[in-house]
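In: need a structure here:
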Amino acid sequence: MLIRTEPLPERRTLLRLLLAERSVADAAAVTELLAAQPEFRLQHAGDVPTAIRLLDGHGMEAALVSQELWEEEGAELARFLREQRPDVAVVLLTSGEREREALPALKLGANDFASKRHLDGEQLAARVLAAVAESRALRRRETMVRWLEREARTDHLTGLFNRRAFDERLREVCAAGRSTRAPVTLVLMDVTGTRAVNEAHGHEVGDAMIRRAATGVARCVRTSDFAARVGGDDFGLILAGSDLEGGRRLARRVAQEIERLNAEEWGDEIPVSVVFGVASGQGCEAAELLAAGEAQLGRHRGRRAPAQPRARWEENGGPSVA
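Out: Residues are numbered from 1 along each chain as shown. Sure thing, here's the model as predicted:
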């Protein structure tokens, strides 16, 4: 039996390239130059609306754009690419030869430029491929930066936000509330008994309790709410634009959901018990609201969260608490 050992031929991936050029002669010249380059699948647009339509729905990875179309009509094409298709690499086709002549257009977001006066097929293809590589590398860096930022704000035990993100969010919401006079409500939750569980059964069991408590929280918060693990067994929920009664309702929902999960889904596990401190303020500082919530939580520690809300009382000149 004869076995072939030659490597298979490399399979080329075609790159979808838009040519945005009003001049029929210039478009024909560029098309002819790139016809000898096997990397590209070229489509032509003779005006800005056609270019935007092709870019919007045809999976283009790169665009060769005449400087006239790039800058005309209030730079509509440049704005569309910047806002809607930042993944498309752009090489400008300029009438001049010097970079300073293309600089205003490059500032609108193009990756590179090539002069129409001295077009060369291989050089033009190399510029497009280099622009695509630069664009992809930039997107990878941006993705990595976003991932790192998200990692820095995430509590890895529960998947909720961490204390750093909580403090930032509370300051932002309180500052916005002071300018709009909208109320801000803070719900603090403590998982009780974790120290005893850690000592008797180990930290893995205690961590499992905290993760289950986070599950109860995540199932009850709205998309507009902000939920974080702010300490070992403490959680903080920020409700922008909600009053004290809204915070009390959320605390009740979380308590009831955890009770349901204890009875149904976590029947074989150590039950999770929680207590709450709720504070609400209008025009207050983040530190003031947090102190009120922590003081209220401290009064309730050691007791399980009731199904009914606690009585409301107010501190003069400060947040309301419950």
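
In: Could you measure from R141 over to A175?
Out: Relative to A175, R141 is positioned 31 Å away (C-beta to C-beta, to the nearest Å). Every C-beta, even on glycine, is put in place using the N, C-alpha and C of the backbone.

In: who's more crowded, the two?
Out: A count of neighbours by other C-beta atoms under 10 Å puts A175 above the other of R141 and A175, at 13 against 10.

In: which residues touch that one?
Out: When contacts are counted by C-beta atoms under 8 Å, 6 or more residues apart in numbering, A175 touches A286.

In: quick one: which helix or strand includes it?
Out: helix 163-180 (DSSP states H and E).

In: what do you get for A114?
Out: strand 112-115.

In: Once you drop chain neighbours, what's closest to N162?
Out: The spatially closest residue to N162, leaving aside those adjacent along the chain, is D155, at 4.2 Å (C-beta to C-beta, 6 or more residues apart in numbering).

In: where do the strands sit along the chain?
Out: 15-20, 40-45, 62-66, 89-94, 112-115, 183-192, 226-229, 234-240, 273-282, 313-314, 320-321 (DSSP state E).

In: least reliable of these going by mean pLDDT?
Out: When those are ranked by mean pLDDT, strand 313-314 comes last with a mean of 34.

In: And L170, how close does it get to S242?
Out: 14 Å.

In: typo on my end, A200
Out: In terms of C-beta to C-beta, A200 sits 38 Å off from S242.

In: With T215 instead?
Out: 22 Å.

In: Same check on L64?
Out: Distance from L64 to S242, by C-beta to C-beta: 52 Å.

In: Those two: which has the busier surroundings?
Out: Between L64 and S242, counted using other C-beta under 10 Å, L64 has the larger neighbour count: 25 against 22.

In: from what I can see that one touches L15, true?
Out: No: L64 is beyond contact range of L15, at 11.6 Å (criterion: C-beta atoms under 8 Å).

In: Overlap in contacts, the two.
Out: Taking C-beta under 8 Å, 6+ apart as the contact rule, L64 and L15 both touch V128.

In: picking up where we left off before, and the helix holding A175, what's its mean pLDDT?
Out: The average pLDDT within helix 163-180 is 94.

In: chain center to it, what's the gap?
Out: 18 Å (C-alpha atoms, centre = their mean, to the nearest Å).

In: same question, stretch 36-43
Out: 35 Å.

In: which parts of that stretch are buried?
Out: Under the neighbour-count criterion of 16 or more other C-beta atoms under 10 Å, stretch 36-43 has 37, 40, 42-43 buried.

In: Alpha carbons only: can I get that stretch in PDB?
Out: What follows is stretch 36-43, C-alpha atoms only, in PDB (Å, rounded to 0.1, in the frame of the first residue of the first chain):
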ATOM      1  CA  ALA A  36      -3.600  39.100 -10.000                       C
ATOM      2  CA  GLN A  37      -3.800  38.900  -6.200                       C
ATOM      3  CA  PRO A  38      -5.500  35.700  -5.000                       C
ATOM      4  CA  GLU A  39      -6.100  36.900  -1.500                       C
ATOM      5  CA  PHE A  40      -9.100  39.200  -2.300                       C
ATOM      6  CA  ARG A  41     -12.700  39.000  -3.200                       C
ATOM      7  CA  LEU A  42     -13.500  42.500  -4.500                       C
ATOM      8  CA  GLN A  43     -16.700  44.400  -4.600                       C
END
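
In: Mind listing residues that contact it?
Out: Residues outside stretch 36-43 that contact it (C-beta under 8 Å, 6+ apart) are 12, 14-19, 31, 34, 54, 58, 60, 121-122, 125, 128-129.

In: Many thanks, I have nothing further to ask.
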